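>>> Got a predicted model here, sequence first, then my questions.
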Amino acid sequence: MQSVSAQVQLQPCDQEDYNLKDTNPQLGDQRWPNGGAYGGRGWTSGEKFTSTYDLVEQMFYLYVRVVKAKDLPPSSVTGSCDPYVEVKLGNYKGRTRQFERKMNPEWNQVFAFSKERLQSSSLEVFVKDKEMVGRDDYLGRVVFDLNEIPTRVPPDSPLAPQWYRLEDRRGAGKVRGEIMLAVWLGTQADEAFPEAWHSDASSVHGERVFNIRSKVYVSPKLWYLRVNVIEAQDVLPKDRSRLPEVFVKAQIGNQILRTQICPTSTANPLWNEDLVFVTAEPFEEQLLITVEDRVHPSKEEVLGKINLPLNLFEKRLDHHPVHSRWFNVEKYSFGVLEADRRKELKFSSRIHLRVCLEGGYHVLDESAMYISDQRPTARQLWKQPVGILEVGILGAKGLLPKKMKDGRGSTDAYCVAKYGQKWVRTRTILDSLNPKFNEQYTWEVYDPCTVITLGVFDNSHLGGGERDKPTGSNGATRDSRIGKVRIRLSTLEAHRIHTHSYPLLVLHPHGVKKMGELQLAVRFTTLSLANMIYIYGHPLLPKMHYLHPFTVNQVDNLRYQAMNIVATRLGRAEPPLRKEVVEYMLDVGSHMWSMRRSKANFFRIFSLLSGMISVGRWFGDVCNWKNSVTSVLVHVLFLILIWYPELILPTLFLYMFLTGMWNYRFRPRYPPHMDTKLSWAEAVNPDELDEEFDTFPSSKPHDVVRMRYDRLRSVAGRVQTIAGDIATQGERFESLLSWRDPRATSLFIVFCLCAAVVLYATPFRVVALLAGLYYLRHPRFRSKLPSIPSNFFKKLPARTDSLL
């Protein structure tokens with residue numbers, strides 16, 4: 001344990017510690033211990049070898065694959081054998097599972113020993129017989145000299161295991177029995193690495209071993225289910241003396257939506273309302289439709305129901321309507337269908353529905369500000385990828401202890417990365433405040449104007465901690481968050497390796513705290529310049545979002561439901577990606593009211609307006625002749641533009657081109673990161689933090705205060721989002737010439753230069769005429785899709801990536 005460094009890290013951090021730091025790791029530049037090929041010997045004298053893991057530091061391991069054994073001697077007492085294998089290297093021991101009464105067992109288990117922790121020059125493999133009482137019987141062993149072990153370098157084929165005769169304890173001679181083994185030296189690029197038993201995790205046993213392994217997860221395929229409730233026929237209330245006030249309730253899992261009550265009390269009601277749900281493949285729930293009658297404001301009666309499997313419905317790829325269908329509604333009485341009244345079911349009510357699975361939408365399960373994928377659900381509508389994103393998760397540095405082990409602070413850290421539908425989880429490094437992961441992952445990029453999110457967590461499901469284990473509302477142990485990093489791909493220079501150390505900042509009820517640093521190596525490779533130019537003019541979301549858009553309330557509700565489905569499905573994997581991890585990565589609470597965020601958005605707007613105010617002051621100084629030379633030059637420029645109006649637009653675009661070229665020298669060298677000043681997290685009031693960390697609904701004791709408080713937070717959350725959107729639009733204007741997105745700025749300044757030349761060669765009156773006719777064109781010549789300039793502008797980066 002690094003208790004000294006932990007005590008240092010607990011001290012308050014300086015502002016400089018919150019900044020992004022440049023690093024210089026030795027990426028893929030290690031020397032292989034034996035030349036990188038089969039037949040080499042020892043850990044010394046090798047040549048440089050290049051592998052596909054070129055964004056991480058190579059970590060060397062000794063791998064031992066225990067395949068099987070045969071012809072083992074039986075016990076003299078039981079007449080059988082309960083064998084297991086123990087692999088020993090110095091003080092590290094790994095053990096296979098035990099078989100009962102089996103003379104020819106098969107294990108096929110892999111053990112990995114880190115080179116940095118080698119404590120012996122020989123490897124010993126023992127075969128033992130488990131005894132109920134006393135010490136286990138010794139059956140034999142095999143000894144390997146580490147200097148004689150070959151090295152395997154992927155993509156070489158796996159090393160073939162061999163049969164080895166067992167020898168006695170002293171090595172004096174052979175004994176009965178053979179064991180099949182494969183022993184080789186390799187790195188974390190070996191395909192046996194993820195499933196291997198690791199020497200640095202020898203304290204974890206049983207089912208908990210699965211919780212420390214690295215895994216790749218895929219989000220479930222999400223669909224929007226649109227239920228268009230058109231009408232119903234022959235709806236009869238239980239009280240035949242009155243006409244029913246009918247509405248329809250639809251339910252999938254825990255999602256429940258209902259139509260409005262039909263305006264007219266009739267037995268043949270008409271609604272024509274759309275109810276939209278989120279569902280995931282494979283479809284596990286059914287669509288439950290119930291027809292209900294509002295007897296009075298506090299009482300509703302179920303008149304009938306129907307269960308429909310989701311596989312029954314058509315998958316729609318565009319805006320063309322699907323065929324509607326009539327369904328018979330089962331009569332409902334006292335909560336169940338009465339078996340002795342089935343004859344009455346011959347005459348039943350009918351309901352007219354148009355139901356389809358929407359394949360042309362992208363199901364949002366994350367905030368649109370930090371979206372990592374925009375592809376529609378239907379795979380037939382996907383375009384070709386425009387780039388490749390490679391991320392090397394090197395490690396973390398200076399983590400704060402999250403729990404106590406043996407009286408010392410400890411952290412069992414792992415990292416999760418999410419981009420598109422692919423989630424990755426590194427293996428858990430036990431009991432280390434400076435863990436080294438050195439794992440590399442790759443994603444296909446379909447739009448560079450997207451964000452990859454990486455989070456670091458403390459694994460609380462391994463046992464051994466004495467206290468400080470966070471628990472949820474149901475008492476279950478939760479993995480505690482250490483910090484999060486967001487990287488917008490459009491801010492990365494293509495074909496360059498970005499190696500930086502990102503601060504892990506977390507906002508606590510008592511203020512912002514630096515929990516450590518995450519060291520990454522990121523490379524974004526573009527495949528086609530033409531496709532990249534096309535993407536910048538393409539809508540951010542599929543066209544169905546613009547042809548048939550959802551309301552703001554629908555988008556929020558559907559995103560919440562999609563997040564719950566993703567968290568539930570990923571929580572059923574092995575090892576599970578737990579709900580608290582998924583919620584933190586998807587920013588589930590980003591739209592909740594926060595005085596701190598509202599201040600941050602307000603000052604973002606004020607920062608933009610300050611530029612306009614400065615221009616106004618400068619113009620006032622010109623009018624007041626504060627600087628006579630400047631005033632004379634402005635007057636001369638004004639007279640020239642009045643005399644030659646055709647120079648106005650070329651001059652403006654040429655000015656922006658020159659400004660962009662001038663700002664190229666001052667372009668950002670580092671990707672954006674969490675900014676505590678921009679987030680207004682440094683000088684926040686404790687009462688405001690208490691309000692931000694309050695539950696929703698509020699936990700305030702007084703009912704009236706709670707109701708008003710929650711109403712205020714809900715309304716203020718909308719205002720906060722609008723304020724953030726306004727600030728985002730202004731910051732996108734600033735990013736046109738700031739080289740924050742080098743590709744977008746390059747495209748824009750080239751456009752400015754071309755526009756300056758074209759507008760110079762074209763009479764101004766012609767340009768004005770064409771522009772006027774274009775903006776006054778007939779609706780028949782208009783498209784519902786956003787224009788290319790609008791699409792380009794919406795994909796420009798803003799400072800939202802730097803907000804906590």
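Structure's in. What do you need?
>>> Return the list of helices and strands in contact with the longest helix seen in the chain.
Across the chain, the longest stretch assigned as helix under DSSP state H is helix 703-735. Secondary-structure packing of helix 703-735 (3 or more Cβ pairs under 8 Å, 6 or more residues apart in numbering; DSSP states H and E): helix 595-623. C-beta here means a position set from N, CA and C on the backbone, and glycine is covered the same way.
>>> name the helices or strands packed onto the helix it packs on?
In terms of contact count using 3+ Cβ pairs under 8 Å, 6+ apart, helix 595-623 is assigned the packing partners helix 628-643, helix 686-692, helix 703-735.
>>> weakest of the ones you listed by average pLDDT?
Lowest mean pLDDT within those: helix 686-692, a mean of 78.
>>> Give me the buried positions along that helix.
688-689, 691-692 (16 or more other Cβ atoms under 10 Å).
>>> now stretch 187-202
Those would be 187-190, 192-193, 196-202, for stretch 187-202 by 16+ other Cβ under 10 Å.
>>> Quick check, pLDDT for the residue nearest to R117 when sequence neighbours are not counted.
Spatial nearest neighbour of R117, excluding adjacent residues (Cβ to Cβ, 6 or more residues apart in numbering): S199 at 6.1 Å. pLDDT, S199: 75.
>>> From what I see, S199 and L89 are in contact.
Yes: the criterion here is Cβ atoms under 8 Å, and S199 meets it with L89 at 7.2 Å.
>>> so what sits against both of the two?
F113 (Cβ atoms under 8 Å, 6 or more residues apart in numbering).
>>> Assign S679 to helix, strand or coil.
When classified by DSSP: H, G, I helix; E, B strand; the rest coil, S679 comes out as coil.
>>> possible to save the buried residues of helix 686-692 as JSON lines with distance to N564?
Listed next are the buried residues of helix 686-692 as JSON lines, based on distance: Cβ to Cβ, whole Å:
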{"residue": "E688", "distance to N564": "29"}
{"residue": "L689", "distance to N564": "27"}
{"residue": "E691", "distance to N564": "25"}
{"residue": "E692", "distance to N564": "22"}
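>>> ok, so of these, who is nearest R325?
Sorting the buried residues of helix 686-692 by how near they are to R325, with Cβ to Cβ, puts E692 at the top with 48.5 Å.
>>> Let me know the distance separating G516 from P401.
Plainly put, G516 is 10 Å away from P401 if you go by Cβ to Cβ, to the nearest Å.
>>> Over to S372?
Taking Cβ to Cβ as the measure, S372 falls 31 Å from P401.
>>> can you check E330 too?
Applying Cβ to Cβ, the value for E330 to P401 is 60 Å.
>>> Neighbour count: these two, which is higher?
Neighbour totals were compared for E330 and P401, and P401 leads with 22 against 15 (other Cβ atoms under 10 Å).
>>> now that one: how far from V506?
14 Å.
>>> likewise I351?
For I351, the distance to V506 - Cβ to Cβ - is 51 Å.
>>> neighbour count winner among the two?
Set side by side, I351 and V506 show more neighbours around I351, with 23 against 20, by other Cβ under 10 Å.
>>> Check whether that one really touches V291, as I assumed.
Yes: I351 is in contact with V291 according to Cβ under 8 Å; the separation is 6.5 Å.
>>> Overlap of the contact sets of those two?
Common neighbours of I351 and V291 (Cβ under 8 Å, 6+ apart) are 232, 248, 329.
>>> Provide the strand pairings for the helix or strand containing the first one, with the direction of each partner.
Element membership of A232 [criterion: DSSP states H and E] is strand 222-233. According to DSSP bridges, strand 222-233 has the following sheet partners: strand 270-280 (antiparallel), strand 350-358 (antiparallel).
>>> before we move on, the earlier item: list the buried residues of the longest helix of the chain.
709-710, 713, 716-717, 720-721, 723-724, 727-728, 730-732, 734-735.
>>> Among the buried residues of stretch 187-202, name the ones in helices.
Among these, no member falls in helices (DSSP H).
>>> mind putting those residues in TSV, distance to A280 included?
As requested, the buried residues of stretch 187-202 are exported to TSV (distance: Cβ to Cβ, whole Å):
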residue	distance to A280
T187	37
Q188	33
A189	33
D190	34
A192	33
F193	31
A196	32
W197	34
H198	34
S199	39
D200	37
A201	33
S202	38
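>>> hmm, which two among these are most spread apart?
Every pair of the buried residues of stretch 187-202 checked by Cβ to Cβ; the farthest is A189 and S202, at 22.7 Å.
>>> Please identify which of the helices and strands packed on helix 595-623 is closest to V555.
Proximity to V555 (Cβ to Cβ) singles out helix 703-735 among the helices and strands packed on helix 595-623, at 11.1 Å.
>>> can you give me how far the closest one is from the chain middle?
On the basis of Cα atoms, centre = their mean, to the nearest Å, helix 703-735 sits 24 Å off its chain's mean C-alpha point.
>>> Show me where the stretch 401-550 of the chain has its strands.
Ranges of strands in the stretch 401-550 of the chain, per DSSP state E, counting those that start in this stretch, are 403-405, 408-410, 413-419, 422-425, 436-445, 451-458, 480-488, 497-508, 511-526.
>>> buried sites along the last one?
If I follow you right, that is strand 511-526. Applying 16+ other Cβ under 10 Å to strand 511-526 flags 512-524, 526 as buried.
>>> And I388, how close does it get to R596?
For I388, the distance to R596 equals 37 Å [Cβ to Cβ].
>>> The two - which one has more neighbours?
With neighbours defined as other Cβ under 10 Å, I388 and R596 compare such that R596 has more, 20 against 14.
>>> Verify the stated contact: that one with A681.
Yes: taking contacts as Cβ under 8 Å, R596 lies within contact range of A681: 6.6 Å.
>>> Next, find the distance separating the nearest residue to A494 once chain neighbours are set aside from L389.
Closest residue in space to A494, ignoring its immediate chain neighbours: T526 at 4.6 Å, by Cβ to Cβ, 6+ apart. Counting by Cβ to Cβ, the separation of T526 from L389 is 10 Å.
>>> Equivalent analysis for A280, please.
Distance from A280 to L389, by Cβ to Cβ: 25 Å.
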